[in-house]
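A.B. asks: sequence isn't available, so here's the structure alone:
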């Protein structure tokens, strides 16, 4: 079995199994853990509280005006590479083809970006991640609180991005090896995902929603 | 006997002179060959010199577990004129399909040809070698293919494994490989082997490889023992539709607008990016066309295990596993474990807080 | 380029899939020809551009032919099939076309040189010619 066959065969299968298992475990456990009888009198009905939750998802996605001065740079870089990654992963033609095949859907409405734009975005995203990494290494606080989770996640992300760029630009050796390396990096991401900070992808919006919902229920501002 | 026979054997140049083939005529033929091998046209004269100096070789052609497609492809390359002359000089001394003789007489003829040219003959093989049941899945003249191959390879100067079956096992080796089919290079390890894969290989690639061997011995090979002159680039790197790939213009289904505009066939399963062959430049049927130009994605037929790479109409990055509920099972297990963990944690919390209450109250 | 008509059979006039051939393939080859001509003038070194191995969309081949046009010299040989050596409209740029008896193209390239290499007579042929002519002359004087 060649490396490419292995990477998109048994390894991908195993990675998906671990990913699904792990993510659902953590999500379900986290949601159920917080289930308890809330003793305070509800000031708002469930519907209005839910709206409050939805608003919180938006409002907490943007820094408070008081803090913008200090956090703007970090926020901008973060948003930058997140948006770049989403654009590449969800709108890049080879990725769209991969998702459609993985989920077995035809989805002819799913648009794709021209290859040139995706290439530019890839370089920009890697650049932004580099800035974020250097910041993490030099910032007096970030440096001290960064742990294995932070660094290892970065290693996997760089492996993914670099092999992706190498595959698209045809550099670094035989294409089928680089493609296999890219898919293996993705498998590594899937396996590492549920046990790492990457879970923020699934936590972030429910977390903000619950916060806003609970505050609304209690009649507090969020 | 061998030394004098060898010295007596004429060079290709002598044969050409004897047959009144002028140098310019031969130069034209060589121009075709060097173009085929992507050598610069300026190298033609030197190549012609080398080829003229080569001696008339003996060629033994042994078919094994094959469909004869490779031989059919090879014989289609025999255009009348200089090429057939050259290949007459090669004296195809043994070939089941092409020769008139059969049975013991044919076998004896083969042995005689081998003896006469011991250490110098070219052995061309097509078809895979079955290895299960002690090789009994393939027998001829009372011997298994393994035995026949070993015997024929003993005195060969070089072995050319033609077709993807002889190179890596091919269709015989496709899952579940009931005969234990393998390529020639897995049985013979002590002779120079040149793989010329394809299903079938392009005829000009086969003849070009043989001519190149005559002129200058074993050519530069890649890690799969394929001549780099023909298998050095991927189809993707030489495809005329590459500009559409780069601009993200793909055919979404056969005969849609994209397909009719000649756009890239990546989404329709083209294996071009991972396939090394010369189809995009040399093309098929004497340069008429090739699969992508005809509107169908590359099958990757010159790569190892190409039959087992998933559906031909799925992209080269498609998943290659069949999930029979494992992922759904993992999901259910995840939910169950999550719920159990939360439940256990909550119970423990209650117990701890109850114990703490008791402490403070007592 | 204007006024140069090439006496060639065009197989599929105007039917190019999609209509527009993207990419500067034709321009790239033309630029290569220009730099090859420069090299020829400066160093005397000849160059060749193999057309058979370039991935070209069906229309581009015709475009290159049109671009290079036709010069004064047009030689057709029958050597186991047609071989055509044409000077293009640009001096020093030759279009070499080799086909076999069945019309299948064996080689097609652009050569940048003072005289195409194929036309240069090999020394062995000249040696043979000397012998043959001498023999003829000796035969004549003996009569």
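C.D. replies: Ah, there it is. What you are looking at is a predicted structure, and each value in this text was computed from that prediction instead of being measured. Numbers count the residues shown, from 1 in each chain, chains lettered A, B, ... in the order given.
A.B. asks: enumerate the residues of chain C near chain B.
C.D. replies: Residues of chain C that fall close to chain B, judged by Cβ under 8 Å from any Cβ of the partner chain: C:17-19, C:22-23, C:46-48, C:50, C:52-57, C:79-81, C:83, C:96, C:98, C:100-102, C:104-109, C:111, C:117-118, C:122, C:124-125. Where you see a C-beta, it was placed from the backbone N, CA and C, and this is true even at glycine.
A.B. asks: pull the longest helix from chain A.
C.D. replies: For chain A, the longest helix by residue count, based on DSSP state H, is helix A:65-91.
A.B. asks: so which elements touch the helix or strand following that helix?
C.D. replies: Using DSSP states H and E, the helix or strand that directly follows helix A:65-91 along the chain is helix A:93-103. Contacts defined by 3 or more Cβ pairs under 8 Å, 6 or more residues apart in numbering or on different chains; DSSP states H and E place helix A:93-103 against helix A:65-91.
A.B. asks: and residue C:35, how far from chain B?
C.D. replies: Distance of residue C:35 to chain B, given as Cβ to the nearest Cβ, to the nearest Å: 15 Å.
A.B. asks: what sits against that residue?
C.D. replies: Residue C:35 makes no contacts at all, as judged by Cβ atoms under 8 Å, 6 or more residues apart in numbering or on different chains.
A.B. asks: may I see the PyMOL selection of the buried members of the residues of chain C next to chain B?
C.D. replies: Buried members of the residues of chain C next to chain B can be picked out in PyMOL with the line below, counting by 16 or more other Cβ atoms under 10 Å in any protein chain shown:
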select buried, chain C and resi 17+18+23+46+47+48+50+52+53+54+55+56+57+79+80+81+83+96+98+100+104+105+106+107+108+109+111+117+118+122
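A.B. asks: return the subset of the residues of chain C next to chain B lying in strands.
C.D. replies: In strands, defined here by DSSP state E, the members of those are C:47-48, C:50, C:83, C:96, C:98, C:105-109, C:111.
A.B. asks: between those, which sits nearest residue A:198?
C.D. replies: For those, the closest approach to residue A:198 (Cβ to Cβ) belongs to residue C:50, at 50.9 Å.
A.B. asks: residue B:10 and residue B:56 touch, don't they?
C.D. replies: Yes - in this structure residue B:10 lies within contact range of residue B:56 using Cβ atoms under 8 Å: 5.6 Å.
A.B. asks: tell me which of those two has more neighbours.
C.D. replies: residue B:56 (17 against 13; other Cβ atoms under 10 Å in any protein chain shown).
A.B. asks: so which residues of chain B form strands?
C.D. replies: Going by DSSP E, chain B shows strands at B:59-63, B:92-94, B:121-126, B:129-130, B:139-140, B:143-144, B:156-162, B:181-182, B:193-196.
A.B. asks: got TSV for the ones you listed, with mean pLDDT and mean neighbour count too?
C.D. replies: Output for those, formatted as TSV (pLDDT from 0 to 100; neighbours: other Cβ atoms under 10 Å in any protein chain shown):
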stretch	mean pLDDT	mean neighbour count
strand B:59-63	86	22
strand B:92-94	57	21
strand B:121-126	90	27
strand B:129-130	96	28
strand B:139-140	89	14
strand B:143-144	92	17
strand B:156-162	94	24
strand B:181-182	95	24
strand B:193-196	96	26
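A.B. asks: quick one: which of the ones you listed is nearest residue A:89?
C.D. replies: Using Cβ to Cβ, those put strand B:193-196 closest to residue A:89, at 38.1 Å.
A.B. asks: do the closest one and chain A come into contact?
C.D. replies: No - figure legend: strand B:193-196 not in contact with chain A (Cβ under 8 Å from any Cβ); closest approach 15.6 Å.
A.B. asks: identify all contacting residues around that strand.
C.D. replies: B:158-163, B:166-168, B:183-185, B:205-206, B:209, B:213, B:218-219, B:221, B:224-227, B:230.
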